[in-house]
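**Student:** just coords:
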């Protein structure tokens, strides 16, 4: 029997319900740009209210380095405003030093292959920029994304894992899908998978199927970044113990990742298994995809 949800879990589930309801309400807005801005503001307001005040959640951020390179505009960023200044600010868009950014954030109404590619494109450009010195966090900064909906989480995970396998050092760290789960990077530690923040070769793309607790894990992960780690992560784990006890985590093995990264033809054949999932679980779809490319 699954353990009863703790209060922290229940509160974050209520926030998830509110975000989902706000998302449905904003669908009535006909103007596309206004609809998108409304959805961005909903999640950013929540993050601003919940995340540690050690960092600021700022919308519409362009990141610049000391060599005058600029990133694309990100929907938001976690910034250290205590010790680092802005470079420029006008018309609700801020230009900030790369060293001041703990994480760049993208917000998507729908998560699909095209949106994952967009996140990875921006991540590649950001992670190719220069750092003049030690930043507030990892430099170049981390990149994460939040999506309100996803029609097919299994397919999104496959696309995320393939994007990582093709360019490991340019990977986004984390993608949250509201009321569904998290796509993340991990390393093996004995029999356990441990989340990893900084992308690099040799990591394991993983999907944590969390349902209504996806937002809790997203907020706790960003809180860890905002508070610069320390002992806080163990505390967050204690408050989310009910979630950790029930989460389903699926990951792709090395032989599979190597096969799909090494051939576009193999990659497309493997992808077909996820297109019409029906009632199959992510694990079942993964096994079917392995068989489709000749792996046991």
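**Tutor:** It's in. Small disclaimer: the values here were computed from a predicted structure and weren't measured.
**Student:** Kindly indicate whether residue 222 is helix, strand or coil.
**Tutor:** Classification of residue 222 using DSSP: H, G, I helix; E, B strand; the rest coil returns helix.
**Student:** OK, contacts around it?
**Tutor:** 47, 51, 78, 103, 144 (C-beta atoms under 8 Å, 6 or more residues apart in numbering). Heads up, the C-betas are built off the backbone N, CA and C, glycines and all.
**Student:** these two touch, right, the fourth one and residue 225?
**Tutor:** Yes: in terms of C-beta atoms under 8 Å, residue 103 counts as a neighbour of residue 225; the distance is 5.5 Å.
**Student:** Show me the helices in the stretch 151-296 of the chain, by range?
**Tutor:** Secondary structure of the stretch 151-296 of the chain by DSSP state H, counting those that start in this stretch: the helices cover 153-166, 214-226, 232-239, 241-246, 254-262, 264-272, 282-292.
**Student:** Dump the ones you listed to TSV, plus mean pLDDT.
**Tutor:** Listed next are these as TSV, based on pLDDT from 0 to 100:
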stretch	mean pLDDT
helix 153-166	97
helix 214-226	93
helix 232-239	79
helix 241-246	79
helix 254-262	95
helix 264-272	97
helix 282-292	97
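**Student:** which one of these lies closest to residue 205?
**Tutor:** Closest approach to residue 205 among the helices of the stretch 151-296 of the chain is made by helix 153-166 (3.8 Å; C-beta to C-beta).
**Student:** residues in contact with the closest one?
**Tutor:** Residues outside helix 153-166 that contact it (C-beta under 8 Å, 6+ apart): 111-113, 116-117, 120, 150, 171-172, 175, 177, 180-181, 183, 185, 199, 203, 205, 207, 209, 250, 252, 257-258, 260-261, 267, 270-271, 274-275, 277, 282, 285-286, 289.
**Student:** change it to 6 Å
**Tutor:** 111, 113, 116, 120, 150, 171, 180, 183, 205, 207, 252, 257, 260-261, 271, 274, 277, 282, 285 (C-beta atoms under 6 Å, 6 or more residues apart in numbering).
**Student:** Please apply the same query to stretch 10-20.
**Tutor:** Contacts with stretch 10-20, where a contact means C-beta under 6 Å, 6+ apart, come from 178-179, 212, 215-216.
**Student:** Could you rerun that using 10 Å?
**Tutor:** By C-beta atoms under 10 Å, 6 or more residues apart in numbering, the surrounding residues in contact with stretch 10-20 are 4-6, 39, 42-43, 46, 49-50, 146, 148-149, 178-179, 211-220, 239-240, 242-243.
**Student:** could you flag which of the residues you listed are buried?
**Tutor:** Taking 16 or more other C-beta atoms under 10 Å as the criterion, what is buried in those is 5-6, 39, 42-43, 46, 50, 146, 148-149, 178-179, 212-220, 240, 242-243.
**Student:** List the contacts of residue 150.
**Tutor:** Taking C-beta under 10 Å, 6+ apart, we find residue 150 in contact with 108, 110-112, 115, 156-157, 175, 177-181, 183.
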